[in-house]
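# build me a model from this:
(one chain, ligands or ions: 3)
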Amino acid sequence: MGPEAPVYQAREYRPPWFWLPILGVAALAATLLVVANARSRVVQNETQFRSAQQVRLHEIETRIDDYFGKAIQLVSTGAQTLANVRDDPAAAERLVTELFLSRSTPQIHDVGVSYQPYSFSSSVKYFCVYDWAAPDGSVRQGLRNPRTIPYTTAQWYRRALETPGEPRFDGPYDAEGKSYISTVLAVERGGRAVGVMTVDTLTATFVGENMRAMLVPGDVGWIESSSRGRRLLETSANSAQDVIDGRIPLRYTGAFIHLASDASALHAANARMITATTVIALVIWLGTGLLAFTLIQVWRARQNAVRLENDRSRLESEIAVGKRVEAELRKAAYTDTLTGLPNRAAFLESASEAIDANARGEGYAVFFIDLDRFNKVNETMGHLAGDELLKTIAVRLRDAVTGRGMIARLGGDEFVVLAPVRPSGAGTLAESLLSALHEPMLLAGRLVYIGASIGVVVVDDAYARPEELLRDADTAMYEAKRRGRACFAVFDTAMRSRVAAESDLESDLRRAIERHEFVPYYQPIFDARSEALVSFEALVRWRRPGSGVVGAADFIGYAERSGLIDGIDASVLEDVCHDAGALFASFPNASVAVNVSAAHLAAPNLADSIGTVLRANGVSPQKLKLEITETAIMRNADQARSTLEALRRNGVQIVLDDFGAGQSSLGYLHRLPIAGLKIDRSFVSPLPADVSAVAIVRSIVALAQALGLYTVAEGVETAEQLETIRALGVHNAQGFYFSPAVALHAVLALTGT
Ligand code: C2E
Ligand code: MG
Ligand code: MG
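Ligands and ions are numbered 1, 2, ... in the order given. Predicted structure coming up:
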């Protein structure tokens, strides 16, 4: 599998954490700005308010000071002049009138003088005169006639005398139904206060001219005595609840002017400002919150989009990987790993297509190829060499087929070719496949001859499923092997019925083992020289129900191929051991030989189980010989050797059967613990005429002598043959010349027992 495709990762968005504090700071700054602005506006409003108030206060103060300044000037002038005219009331009256007329402000309501003229007639105890301005503007004179009013006892008079030379202010006070404010100054003579100069104003005029005229609606002004904080005069008794109070000192009176201005409008405006500011701050923070929320939402939305994108691309790449894995698995499922060829599954698919193609009139044939000598290479040269061989075969098949079809390996040494050929061309292709496989190949420095058997099936309408093609091709391949290998056989229906018969045979053989239908027949073996009986060979016979006694040749080969031979061999050995008592009682010097399939030798514990059977029947191992037949290739040669060595140690002799005919006869000679060779019937039968047979037998005898082995000739049918083998030095002889294999009771009858 290739490296994983990199998964595309969409860029992640940074969370807006960076912007949130900035937003917060901005909102805070905006809030502070708005608050500061409101604050300054409030302060400004108040400052404006207060300065306007102050302006009015100053104006009031100026007017009042102006008034009192003029009143003081008048009383001062009057007091000075009066000091000289005290004793002249007329002059005093004139003075008062002059002063009154010279008054510089119409606010001065009257000017007067009161004193005690000590030089007057005693009846005139007090002198008081004043001029005043009538409402129509004319000058009136009052108190021209001295009265006996004791001014000197009046509070204001006495207080004025207390501070001679210093003007005093009195009032407001009521006189004759009106309210007045007076400016008074003591008149001195000779260091003694003798009278008082007064200048009066009507309180109403004073307040109206100097104070009320200056006010704006909502203002309340008053004059407050500096000493006790008492209100002396005020423009209105009512004062608003919400006021701002201002005051400044007056110049002459030692009092303060107060102004309480209605600040409710100001405060309302300020409150509105504060409310507006609060609202603005709220809006700022709400907006900021909203912005922050929006930022986070936008970020999350983008993040989600990114995640979705990442998930999508991950999914896509996973799907891609999945597809690739699937493709690879599919490829693996259809490929033989060793050769890289398509495998059985792939073949079945193609074969299925070939069946469809046949229906359209395209011709196809299947070639089932089984290598003849693959197992041998595997065993003698090792599995690596075997693998190498299979790869070479694959290449050769490819070259032979040359793109005309598909080649598959079914497993082991079985290959199959599916080629688009007409029935007439099938034989040609089979020939060229055979010749490609029969070329010797160089394997691990050795020349090896493999060869193959091929079963051919021509696809026709009888086939509906690819397995049927494979089955019949396999059958044809077995037929080719049966015909002697290294050839091909084209399937026909007769083969199918033979196979069907074989499959009956298999189930019958299984049943036969269970029902104990196998019995050993015994063929005697004689000393070639003395013709004394030396041994018996046990040959299996099948008492097959309905078929009589069946010879070994009819089922042993199939039993070996189908793996049933082990059970048959074991059954025969058991029976032979069972018969041994009677046999050796009649022939005390004889031994008995039992055939064991080479394939069976690989069975584990074979030596132990043979030993057990021998002991159970009281048979000496020295009396037993094992004939190793090689109808099937020996599997697991190491296990076979250790089994045979164990048996030999116990005294059992090993004989190689059918020597010279099998592929491996010579190979076994030095690998197995062998005591004797049984020369194959194919070399004995042509004797004595066939010179090459004579030469072969002579060689085998020489070989056996060299290895210290004894020899037996099987299939001796004539006296000449017996004579020949005797002359060639073969030790023992066996064959129809003496006797075929017969049942135990017939053997025992030989001796007359
Ligand atoms: P084999 O071991 O070489 O046995 C000799 C075969 O040649 C026997 O055939 C025997 O009947 C036959 N024969 C003997 N003398 C002559 C003769 O003069 N002329 C001719 N034409 N044939 C002769 P059979 O009994 O049919 O056995 C065939 C083969 O089956 C045996 O060949 C042996 O390889 C195998 N076989 C027989 N019994 C057993 C058995 O119990 N176990 C195993 N594994 N194989 C057995
Ligand atoms: Mg034999
Ligand atoms: Mg034989």
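# so the residue lying closest to Ile725 once chain neighbours are set aside bridges to which residues?
Leaving aside its chain neighbours, Ile725 sits nearest to Ala713 (4.3 Å; criterion: Cβ to Cβ, 6 or more residues apart in numbering). Where C-beta positions appear, they are placed from N, C-alpha and C, glycine not excepted. Here Ala713 sits in beta bridges with Ile679, Ala733, going by DSSP bridges.
# does Ala713 touch Phe526 like I think?
No - with contact defined as Cβ atoms under 8 Å, Ala713 does not reach Phe526; the gap is 10.3 Å.
# residue contacts, the residue of the stretch 651-753 of the chain found nearest ligand 2?
With Cβ to the ion as the measure, Asp657 is the residue of the stretch 651-753 of the chain nearest to ligand 2, at 4.3 Å. Residues touching Asp657, when contacts are defined by Cβ atoms under 8 Å, 6 or more residues apart in numbering, comprise Asn595, Glu627, Ile628, Thr629, Glu630, Lys678.
# closest to Ala186 out of those residues?
Out of the contacts of Asp657, the one with the shortest distance to Ala186 is Glu630. That distance is 174.8 Å, counting by Cβ to Cβ.
# Ile454 bridge partners, please.
With DSSP bridges applied, Ile454 shows beta-bridge pairing to Ile369, Phe488.
# near ligand 2, which residues of the chain are found?
If contact is defined as Cβ under 5 Å from the ion, the residues of the chain in contact with ligand 2 are Asn595, Glu627, Asp657.
# where in the stretch 401-550 of the chain is pLDDT low?
Scanning the stretch 401-550 of the chain for pLDDT under 70 picks out the ranges 503.
# just the helices in it please.
Along the stretch 401-550 of the chain, counting by DSSP state H, counting those that start in this stretch, helices occupy 423-438, 466-482, 493-515.
# is the closest residue to ligand 3 within the stretch 151-300 of the chain within a helix or a strand, and which one?
Closest residue of the stretch 151-300 of the chain to ligand 3, Cβ to the ion: Arg300 (92.0 Å). Secondary-structure element containing Arg300, defined by DSSP states H and E: helix 264-333.
# other SSEs contacting that helix?
Counting contacts by 3 or more Cβ pairs under 8 Å, 6 or more residues apart in numbering; DSSP states H and E, helix 264-333 is packed against helix 19-82.
# the helix it packs on: what's the following helix or strand?
Going down the chain from helix 19-82, the next helix or strand is helix 89-102, by DSSP H and E.
# give me the mean pLDDT for that following helix.
Helix 89-102 comes out with an average pLDDT of 84.
# thinking again about what came up before, from the contacts of Asp657, which is closest to Gly729?
Within these, distances to Gly729 taken as Cβ to Cβ reach their minimum at Lys678, with 15.0 Å.
# which pLDDT value goes with that closest one?
The pLDDT attached to Lys678 in the predicted structure is 92.
# quick one: Glu61 and Ala90, what's the gap?
Taken as Cβ to Cβ, to the nearest Å, the spacing of Glu61 relative to Ala90 amounts to 40 Å.
# what are the phi and psi values at the residue nearest to Leu539 when sequence neighbours are not counted?
In this structure, Leu539 finds its nearest non-sequential neighbour in Ala741, 4.3 Å apart by Cβ to Cβ, 6+ apart. The phi and psi torsions at Ala741 (degrees, to the nearest 10) take the values phi -70, psi 130.
# residue contacts, Ala741?
Residues in contact with Ala741 (Cβ under 8 Å, 6+ apart) are Tyr521, Tyr522, Gln523, Glu537, Leu539, Arg541.
# the fifth one pairs with what?
Following DSSP bridges, Leu539 is listed with bridge partners Tyr521.
# test my guess that it contacts Gln523.
Yes - counting by Cβ under 8 Å, Leu539 touches Gln523, with 6.0 Å between them.
# I am finished for the moment; much appreciated.
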